[in-house]
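Peer 1: test case, fold it:
(one chain, ligands or ions: 3)
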Amino acid sequence: MKPQPHSSSTTEQTLRDRFSRPIHDLRISVIDRCNFRCTYCMPQEESGHYKFLDPGNWLSFEEIERLVRLFVACGVSKVRLTGGEPLVRPNLAQLVSRLCPIKGIDDLALTTNGSLLSRHADELKKAGLKRLTVSLDTLDPLVFKEMGGKKADLAEVMEGLAAAEKAGFEKIKINVVVKKGVKDHTLMNLVRHFKGSGHILRFIEFMDVGNCNHWSTEYVLPSAQIMKMINEYYPLEPVKANYEGEVANRYRYVDGGGEIGFISSVTQPFCGNCSRLRLSTDGKIYTCLFATEGTDLRGPMRAGANDQDLRGIIENTWKRRDDRYSENRILIKSHPENERKKIEMFQIGG
Ligand code: SAM
Ligand code: SF4
Ligand code: SF4
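Peer 2: Ligands and ions are numbered 1, 2, ... in the order given. Here you go, the predicted model:
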């Protein structure tokens, strides 16, 4: 793995890991619960394998704000709120208004399944949220329910998206997880629907996050194939990345229909540029989406650690970081004895 050059906003003092990758992005899982049960993400029921956290174990908004200030001091400039379903966390807009004024955050975004947006889009916008990502895998209501569980209602998500547009959110990213054989036939409908809408469709390869989504390579449809299929109908041309370390490969329709992206973690791993840190609902930091263990910040914080102590824990964790799971995936999968128990997607939020 070759570390890549870093973005212009990073400085010589930037905290770097063992492969010289700077810390740049933070994803915060504000709740591990969700009103959907997407088959690729969350088991239908709690089990011996996993129980949801009691609310007393969630970081409070004050605690999140305090940690975010420390992460920013370490070099983070992009923050994304996620989950579980972040809008299931009561009063989320209050967290947005606490984080927005923090100097050093250039970008504050939210990833949501969209089902509760019609209730919350306005207050999120007023609280200062800049950008939205809505996950929407198909426009077929039956396939949608099949993939998202019995509470997954396509009409609600479409209403949520309309509410977000009305509230003033533009260039909304639409995340589409592609599980081969499940809805391949509906992908072109999404392309036709969002082409020219101003929003940005992003196809994501199904990943082996966690241990309970029954991942197998046979369910992975390589992005290159989707891109080829779209290109046959609507010619595409590449667009330069917004910044070093951007995970999506960006394209635009040659006819001016807007932008589209592909996140190909399985077939084209991007560990060399990975600058993301994840904070779980219960206050552990994870340096990789496929991590087995996190480093606890909540315990020390509630035991009275001062900011310097907490910053020391963050810095040491990042400096020790040598994660490159996606680059080693084939090796790991070909030796089942190397398989480890990983953190689940809904605990750290993608
Ligand atoms: N509940 C919110 C949502 O669905 O947008 C936020 C949390 S969700 C875990 C964050 C993103 O991860 C979503 O876009 C979701 O589609 C994606 N995701 C979940 N499981 C995945 C998997 N196994 N492979 C690829 N992407 C996945
Ligand atoms: Fe919920 Fe998002 Fe996971 Fe689907 S992907 S189960 S909406 S957390
Ligand atoms: Fe980053 Fe881990 Fe994904 Fe590699 S596998 S890109 S290190 S999160």
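
Peer 1: residue farthest from the centroid of the protein?
Peer 2: residue 304 (30.7 Å; CA atoms, centre = their mean).

Peer 1: tell me the secondary structure for that residue?
Peer 2: coil (DSSP: H, G, I helix; E, B strand; the rest coil).

Peer 1: phi, psi for it please.
Peer 2: phi 100, psi 10 (degrees, to the nearest 10).

Peer 1: tell me the residues of the protein that contact ligand 3?
Peer 2: 265, 270-271, 274, 276, 288-290, 323-326 (CB under 6 Å from any ligand atom). Heads up, the C-betas are built off the backbone N, CA and C, glycines and all.

Peer 1: nearest to residue 241, of the residues you listed?
Peer 2: For those, the minimum distance to residue 241 (CB to CB) is 10.4 Å, reached by residue 270.

Peer 1: middle-most residue in the protein, spatially?
Peer 2: Most central in the chain (CA atoms, centre = their mean) works out to residue 350, at 3.5 Å.

Peer 1: got a list of what that residue touches?
Peer 2: Residue 350 sits next to 27, 82, 111, 209, 289 when contact means CB atoms under 8 Å, 6 or more residues apart in numbering.

Peer 1: that older thread, just the ones in helices from the residues of the chain next to ligand 3, please.
Peer 2: 325-326 (DSSP state H).

Peer 1: three-state assignment of the residue in the stretch 101-250 of the chain that ligand 3 sits nearest to?
Peer 2: Sorted by distance to ligand 3 under CB to the nearest ligand atom, the residues of the stretch 101-250 of the chain start with residue 247, at 7.4 Å. Following three-state DSSP, the label given to residue 247 is coil.

Peer 1: same check, this time on the one 3 residues further on
Peer 2: Secondary structure, three-state DSSP: residue 250 is strand.

Peer 1: excluding sequence neighbours, find me the nearest residue to it.
Peer 2: residue 239 (4.1 Å; CB to CB, 6 or more residues apart in numbering).

Peer 1: residues in contact with the one you found?
Peer 2: 250-252, 259.

Peer 1: export those to JSON lines and tack on pLDDT and neighbour count?
Peer 2: Shown next, in JSON lines, are the contacts of residue 239 (pLDDT from 0 to 100; neighbours: other CB atoms under 10 Å):
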{"residue": "250", "pLDDT": "95", "neighbour count": "17"}
{"residue": "251", "pLDDT": "97", "neighbour count": "18"}
{"residue": "252", "pLDDT": "97", "neighbour count": "16"}
{"residue": "259", "pLDDT": "97", "neighbour count": "20"}
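
Peer 1: for those, which one is nearest ligand 3?
Peer 2: Ligand 3 lies nearest to residue 250 out of the contacts of residue 239, by CB to the nearest ligand atom, at 17.1 Å.

Peer 1: sorry, back to before: lowest-confidence member of the contacts of residue 350, which is it?
Peer 2: When the contacts of residue 350 are sorted by pLDDT, the bottom entry is residue 209 at 85.

Peer 1: tell me how far that residue lies from ligand 1.
Peer 2: 5 Å (CB to the nearest ligand atom, to the nearest Å).

Peer 1: which SS state does that residue fall under?
Peer 2: coil.

Peer 1: okay, now the unreliable bits of this protein?
Peer 2: 1-12, 48-49, 183-184, 338 (pLDDT under 70).

Peer 1: for ligand 1, what are the nearby residues on it?
Peer 2: 34, 40-41, 82-83, 85, 111-113, 135, 175, 177, 204, 206-207, 209, 213, 345-346, 349-350.
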